[in-house]
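# Return a 3D structure for these sequence lines:
(chains A, B, C and D)
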4 protein chains.
Amino acid sequence: MDSKRLEAFTDGVVAIIITIMVLELKVPDGSSLRDLAASLPLLLAYVLSFINVGLYWNNHHHLYQLNPRIDGRVLWANLFLLFWLSLVPFVIRWLDDSDYSIGATAAYGIVLGMAAIGYFLTERAIIACNGKSSELSEALGMDWKGWGTLGLYAIAIPAAFYSRWIAILLYVTVIALWVIPDRRFARAVENRTADRQR
Amino acid sequence: MDSKRLEAFTDGVVAIIITIMVLELKVPDGSSLRDLAASLPLLLAYVLSFINVGLYWNNHHHLYQLNPRIDGRVLWANLFLLFWLSLVPFVIRWLDDSDYSIGATAAYGIVLGMAAIGYFLTERAIIACNGKSSELSEALGMDWKGWGTLGLYAIAIPAAFYSRWIAILLYVTVIALWVIPDRRFARAVENRTADRQR
Amino acid sequence: MDSKRLEAFTDGVVAIIITIMVLELKVPDGSSLRDLAASLPLLLAYVLSFINVGLYWNNHHHLYQLNPRIDGRVLWANLFLLFWLSLVPFVIRWLDDSDYSIGATAAYGIVLGMAAIGYFLTERAIIACNGKSSELSEALGMDWKGWGTLGLYAIAIPAAFYSRWIAILLYVTVIALWVIPDRRFARAVENRTADRQR
Amino acid sequence: MDSKRLEAFTDGVVAIIITIMVLELKVPDGSSLRDLAASLPLLLAYVLSFINVGLYWNNHHHLYQLNPRIDGRVLWANLFLLFWLSLVPFVIRWLDDSDYSIGATAAYGIVLGMAAIGYFLTERAIIACNGKSSELSEALGMDWKGWGTLGLYAIAIPAAFYSRWIAILLYVTVIALWVIPDRRFARAVENRTADRQR
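Numbers count the residues shown, from 1 in each chain, chains lettered A, B, ... in the order given. Presented below is the predicted three-dimensional model:
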């Protein structure tokens, strides 16, 4: 099975998710720029979600950069990831409607945590399909980043019931973890090129 | 006529349908995770529809995997399929607004049943264009799966007026029928590869 | 300039237009299939618009099938066409809100008529860029179909103020005109193939 | 890293932005074409935004026409641009809800000004990645157009508090600046072709 169509479909879905989030944002009630300030918390949630979804797009791109073989399991793991990403606009709307309530803040962590699991499953499914000694498997190594993400969400969700700020801080920490450029895949591509030139 | 642009257009439409469904979901009234429970029936309808549309995307992919020739008839059968899929978000909204009413439950079956007919017509149109002895025709065989799907929807729609649960059970049965991996097309691709190597 | 990216962008915009129309449809007030009957007029407007937009996608495909050169003028004519097509969901919503009022029925004709002009301008811009003796120019010939479409809309818009039914009948006539397969481009492609084989 | 997937993703996001703007437009209250006149100011904002987003798509296309190398910085600058473009539908809705209030008119300039900065940053990031003596760098030259755009928005935003008409006039001026065909990239492509033929 060809991974190109899966990539294109994922890009399409991600492009739509990242764009329709804006339809969920409520415009300010008033007519001055000061009224926009009241919308700031929601705009920040929008910014964070934009970066989060953008990161998934970016990482997804890395995952398929080595042109792995894919099978039905990869396809379903990928759809599982897209399913949870598609719920991001839904949680943003709830955050807005309930004024950053505890429930909505925890739900935000659940949705992003499940998306992280989806990403993790996609990774594993690709490795299972291409063999443990494949380039992707070696490039990922122990995948501290993946496990760290899952761990942070596992702490953040119950923490939201104690303090929403701790949860939000942990959500931002996950973003920081991923925004730092990941050299693993670039190195794998370089290795491959070097191997070929030998 | 080239099937690539038809595939890309179909992928685009399906990506949008699968993503805008979330715009139809109403957020919980309250602000705790418990309030989310009230949204569960609708979230389950969302999950089922996501899988259903995902299955169509997957199968559509199989249908064009053997690079068949296409003509105007294939194009219109394909648009007919997309038309009914595009109504899925509409029925989900109705299901939500009418609290899983009998009418909306039956309408869900009608929309998916018509989409199944659209898929069936697309299949037939491709076979008509490529000849009865074509690889696709042989790969499909008697197409028990296609006929079975149509039969299940034909039973589920009137059944909704007797009991909505029977209808929903039948909708889930159709999904189960298609989630089980289909080896027909993979086999056809393998046969082709084997033929070439001879 | 390469026409591939213009085609892909157009496909994307058309796929979104054809799909978001459904977000404008109001679900039935009641909960039985009979209540769906009240939505029938709007569903028919949806069907007609779906076919109309589908026809534009199909014809656009034909227009670029001969791989013409394109320039800035083609690009803007194409955007002009997309602009008017993007207003179709807007008019459908107005048709719904105003119960098929005279104004909305006339506006529907204006939007589709302007889209027809946009298609016409795109055609002319491509011919201007590729020369009067180009294959596309010869394939189009006198373009009775294009002129006929413009003429029918020119009659339908004022007719809506006299009788909405006459306007709707004329809108359907335009669709009938285009659904009938157009052999002009297929013939041009065949001629080209024949020329090459000589 | 390949620029093709970045281009396709950008095209997808832009296609969605340009199309969902229409979902924000309110339909006329009445049922006659005269009632449509009350919607004219908003329709004009829609037209201007359509042209603006269309121009970004067009220029983005030029930026990548010379097939530059890209890196993580280009990717993030590009996402920054898309983020601000994605807020255009949001500001249009606010313009509508607040009847072209001073705040919303200024916000429109802020969003488009930030998008202009995003475009500028993308340009610089590509040059940084491809070298100062690269074709793109030479094609851009001093980039009077880019600086002029930023300057015009810097004047327009405070001007909105004095007179909204001056701000709107300046927004239209920016469009005029970019609608005039830009020969820089076409010339660079011609130079390259000429160099190869030598």
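
# Can you work out which other helices and strands pack against the top helix by length along chain A?
Taking DSSP state H as the criterion, chain A has its longest helix at helix A:102-130. When contacts are defined as 3 or more CB pairs under 8 Å, 6 or more residues apart in numbering or on different chains; DSSP states H and E, helix A:102-130 packs onto helix A:40-65, helix A:72-86, helix A:88-97, helix A:135-140, helix A:144-162, helix A:164-179, helix B:33-37. Any C-beta I mention is one placed from the backbone N, CA and C, and that applies to glycine too.

# lowest-confidence stretch among the ones you listed?
With a mean of 73, helix A:135-140 has the lowest mean pLDDT of those.

# how far out from the middle of the chain is it?
With CA atoms, centre = their mean, to the nearest Å as the basis, helix A:135-140 stands 20 Å off its chain's centre.

# Show me which positions of that helix end up buried.
Residues A:135-137, A:139-140 are the ones in helix A:135-140 that count as buried (16 or more other CB atoms under 10 Å in any protein chain shown).

# Could I get the contacting residues of the nearest residue to A:Phe50 once chain neighbours are set aside?
For A:Phe50, ignoring the flanking residues on the chain, the nearest one in space by CB to CB, 6 or more residues apart in numbering or on different chains is D:Phe83 at 5.4 Å. Applying CB atoms under 8 Å, 6 or more residues apart in numbering or on different chains, we find D:Phe83 in contact with A:47, A:50, D:118.

# so what's the first one up against?
Just to be clear, that refers to A:Val47. D:Phe83.

# so how far is D:Leu136 from it?
Between A:Val47 and D:Leu136 the distance, using CB to CB, to the nearest Å, works out to 29 Å.

# Please apply the same query to the second one.
According to CB to CB, A:Phe50 and D:Leu136 sit 27 Å apart.

# Check the burial of A:Leu55 by counting its neighbours.
Neighbour count of A:Leu55, defined by other CB atoms under 10 Å in any protein chain shown: 17.

# circling back to that earlier point, among the buried residues of helix A:135-140, name the ones that also lie close to chain B.
Among the buried residues of helix A:135-140, no residue lies close to chain B (CB under 8 Å from any CB of the partner chain).

# of those residues, closest to chain B?
Chain B has its nearest neighbour among the buried residues of helix A:135-140 in A:Leu136, at 22.5 Å by CB to the nearest CB.

# show me the contacts for the closest one.
Residues near A:Leu136 by CB under 8 Å, 6+ apart: A:63, A:66, A:68, A:123, A:126-127, A:130, A:188.

# Next: A:Arg73.
A:125, A:128-129.

# Over to A:Ile117?
By CB under 8 Å, 6+ apart, A:Ile117 lies in contact with A:84, A:150.

# Let me know the pLDDT of it.
Per-residue confidence (pLDDT) for A:Ile117: 94.

# A:Arg5 is in contact with B:His61, isn't it?
Yes. At 6.1 Å, A:Arg5 and B:His61 qualify as touching, with contact defined as CB atoms under 8 Å.

# Find the residues that touch each one of the two.
B:Glu7.

# just to revisit the earlier point, of the contacts of A:Arg73 - the most surrounded one?
In terms of neighbours by other CB under 10 Å, the contacts of A:Arg73 top out with A:Ala125 at 21 neighbours.

# give the contact list for that residue.
Residues in contact with A:Ala125 (CB under 8 Å, 6+ apart) are A:71, A:73-74, A:76-77.

# from the residues you listed, which is closest to C:Arg34?
Distances from C:Arg34 to these, taken as CB to CB, are shortest for A:Trp76 (39.2 Å).

# Report the buried residues of stretch A:55-73.
In stretch A:55-73, counting by 16+ other CB under 10 Å, buried: A:55-66, A:68, A:70, A:73.

# Closest one of those to A:Leu87?
When the buried residues of stretch A:55-73 are compared against A:Leu87 (criterion: CB to CB), the nearest one is A:Tyr56, at 13.0 Å.

# Leaving out sequence neighbours, find the closest residue to that closest one.
A:Leu85 (6.3 Å).

# Pretty sure A:Leu55 is one of the things the one you found touches, is it not?
No. Here A:Leu85 lies out of contact with A:Leu55, judged by CB under 8 Å, at a distance of 10.9 Å.

# What confidence value was assigned to the closest residue to A:Arg164 other than its chain neighbours?
Spatial nearest neighbour of A:Arg164, excluding adjacent residues (CB to CB, 6+ apart): A:Thr105 at 4.6 Å. Here, the pLDDT recorded for A:Thr105 equals 93.

# A:Thr105 contacts A:Phe161, correct?
No. At 9.0 Å, A:Thr105 does not count as touching A:Phe161 under the criterion of CB under 8 Å.

# Which one's more surrounded, those two?
A:Thr105 (28 against 14).

# Let me see the contact set for the residue most central in space within chain A.
What sits nearest the mean C-alpha location of chain A, by CA atoms, centre = their mean, is A:Tyr56, with 3.9 Å. When contacts are counted by CB under 8 Å, 6+ apart, A:Tyr56 touches A:14, A:81, A:85, A:115, A:119.

# From chain D, how far out is it?
Separation of A:Tyr56 from chain D (CB to the nearest CB, to the nearest Å): 12 Å.

# before we move on, what about A:Leu48?
11 Å.

# what's around that residue, how many residues?
18.

# Ok, A:Leu6 next?
22.

# Pull the contacting residues for it.
Counting by CB under 8 Å, 6+ apart, A:Leu6 touches A:64, A:70, A:74-75, A:78.

# which element is it on?
Using DSSP states H and E, A:Leu6 sits within helix A:3-24.

# Distance from that helix to the middle of the chain?
12 Å.

# Identify each buried residue in that helix, please.
A:3, A:5-24.

# Close to chain B: what parts of chain A are there?
Contacts of chain A with chain B, taken as CB under 8 Å from any CB, map to A:5, A:8-9, A:12-13, A:16-17, A:20, A:23-24, A:72, A:75, A:79, A:82-83, A:86-87, A:89-90, A:93-94, A:97-99, A:101-104, A:106-107.

# hmm, 7 Å instead?
A:5, A:8-9, A:12-13, A:16-17, A:20, A:23, A:72, A:75, A:79, A:83, A:86-87, A:89-90, A:93-94, A:97-98, A:101-104, A:106-107 (CB under 7 Å from any CB of the partner chain).

# ok, how many other residues are close to the residue nearest to A:Tyr56?
For A:Leu85, the count of nearby residues is 28 (other CB under 10 Å).
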